[in-house]
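Trainee: coordinates only, sequence not included:
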């Protein structure tokens with residue numbers, strides 16, 4: 001996710017995340033920033049750029065179902081991890097994502113336009 005292409009406000013976070021590639025390979029890592037359009041996963045295991053995967057982002061206890069579950073595409077992969085773009089969301093996940101990002105902002109009303117509709 002090239003800085004010049006970013007149009008969504010990003011929130012710095014430290015949240016546990018699991019990613020599962022369509023061939024079944026699973027990795028775990030830390031989500032270190034997130035926006036309405038995608039997120040960055042800090043991990044030493046990466047999927048190739050262009051890969052599609054299922055993401056499960058946890059807000060706390062991993063034994064509880066993930067707060068955000070979605071399909072995504074890897075848009076950048078490197079030594080520190082990978083950036084992914086959201087494709088579509090499981091039931092209620094987009095609302096959880098919106099609430100997470102807006103709660104971390106000083107003026108959340110300025111970001112409402114970034115959440116007009118979920119990716120489809």
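Mentor: Thanks, I have the structure now. Since the model is a prediction, treat every value here as computed from it, not as a measurement.

Trainee: quick one, helices of this protein?
Mentor: Per DSSP state H, the chain has helices spanning 93-103. These are given in chain order.

Trainee: mind listing the strands in it by residue range?
Mentor: Listed from the start of the chain, the chain has strands (DSSP state E) covering 11-21, 26-34, 38-42, 52-57, 68-78, 81-89.

Trainee: single out the most deeply packed of those.
Mentor: Across the strands of the chain, the average number of neighbours (mean count of other CB atoms under 10 Å) peaks for strand 38-42, which reaches a mean of 23. In this view, the C-beta of every residue, glycine as well, is placed from N, C-alpha and C.

Trainee: quick one: that strand to chain centroid distance?
Mentor: Taking CA atoms, centre = their mean, to the nearest Å, one finds the center of strand 38-42 at 6 Å from the center of the full chain.

Trainee: same question for stretch 46-66.
Mentor: 8 Å.

Trainee: which outside residues touch it?
Mentor: Around stretch 46-66, the neighbours that count as contacts under CB atoms under 8 Å, 6 or more residues apart in numbering are 15-22, 25, 27, 31, 34, 39, 67-78, 81-82, 84, 87, 93, 96, 100.

Trainee: switch the cut-off to 7 Å
Mentor: Stretch 46-66 is touched from outside by 15-22, 31, 67-77, 81-82, 84, with contacts defined as CB atoms under 7 Å, 6 or more residues apart in numbering.

Trainee: what about that stretch, start to end distance?
Mentor: Distances were taken as CA to CA, to the nearest Å; on that basis the terminal residues of stretch 46-66 are 21 Å apart.
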